[in-house]
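K.L.:
Got a predicted model here, sequence first, then my questions.
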Amino acid sequence: MTTLTKTTTPKTPAAAKDAIALLKADHTAVSGLFADYEKTNSSSKKKALVAEICTELTVHAQIEEEIFYPAVKTALKDKLLVPEATVEHGGIKDLLAQLEGLEPDGEMYDAKVQVLSEYVKHHVKEEQDEMFPKVKATAMDLVELGTRMAARKTELLAARG
């Protein structure tokens, strides 16, 4: 059955991923973008990388908040992990808003990107070490959830592009 799903939807292989695999892939991609940022001195490359980081994090946070977190909150009867993650998203979104459209003109820009990177690393660590193991222990249909999240992600990216 999994093969059939992959065969019938070749344009969206991410749709075959479970929700946690999709989120981990996003985490890895953003981590790579931050690493690329740290390696470059080119203002134009910095600006392009930050634009990509902003898009990736904005879309990622939205699919978590719209689809993943409500399902997790229900399945875990959670009153701590999801609210804390949502507050962390608020801090990340504040920094994204400060960076979007700015020119990479010096140390304050770099400092904001550095702090954003640190916030994201902290958030990812908590999700991957605390939330994801608890989610995997539930009866949640992670493939179905992942399919919905991948479809929404595609929709949001298309709307931004």
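P.N.:
Arrived safely. Bear in mind that the values here come from a model prediction, so they are computed numbers and not experimental data.
K.L.:
all contacts plus neighbour counts: C-alpha atoms, from now on.
P.N.:
Noted.
K.L.:
Need the CA coordinates for stretch 94-111. PDB is fine.
P.N.:
What follows is the C-alpha trace of stretch 94-111 in PDB, where atoms were taken according to Å, rounded to 0.1, in the frame of the first residue of the first chain:
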ATOM      1  CA  ASP A  94       9.700  38.200  16.200                       C
ATOM      2  CA  LEU A  95      13.300  37.700  14.900                       C
ATOM      3  CA  LEU A  96      12.100  36.700  11.500                       C
ATOM      4  CA  ALA A  97      10.000  39.900  11.300                       C
ATOM      5  CA  GLN A  98      13.100  41.900  12.300                       C
ATOM      6  CA  LEU A  99      15.200  40.300   9.600                       C
ATOM      7  CA  GLU A 100      12.800  40.200   6.600                       C
ATOM      8  CA  GLY A 101      13.600  42.900   4.100                       C
ATOM      9  CA  LEU A 102      16.700  44.100   6.000                       C
ATOM     10  CA  GLU A 103      20.000  44.600   4.300                       C
ATOM     11  CA  PRO A 104      22.800  42.500   5.800                       C
ATOM     12  CA  ASP A 105      24.700  45.600   6.900                       C
ATOM     13  CA  GLY A 106      26.800  44.700   9.800                       C
ATOM     14  CA  GLU A 107      27.100  43.200  13.200                       C
ATOM     15  CA  MET A 108      23.500  43.700  14.300                       C
ATOM     16  CA  TYR A 109      22.200  41.800  11.300                       C
ATOM     17  CA  ASP A 110      24.700  39.000  12.000                       C
ATOM     18  CA  ALA A 111      23.800  39.100  15.700                       C
END
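K.L.:
which outside residues touch that stretch?
P.N.:
Residues outside stretch 94-111 that contact it (C-alpha atoms under 8 Å, 6 or more residues apart in numbering): Ser43, Ser44, Lys46, Lys47, Val50, Ala51, Cys54, Lys112, Val113, Leu116.
K.L.:
Would you mark the buried spots in the host helix or strand of the last one?
P.N.:
Take DSSP states H and E as the rule and Leu116 turns out to sit in helix 107-126. Neighbour counts using 16 or more other C-alpha atoms under 10 Å place Tyr109, Asp110, Val113, Leu116, Ser117, Tyr119, Val120, His123, Val124 of helix 107-126 among the buried residues.
K.L.:
can you give me the helices in this protein?
P.N.:
Here the chain has its helices, by DSSP state H, at 2-8, 19-39, 43-63, 69-76, 81-99, 107-126, 132-136, 142-160.
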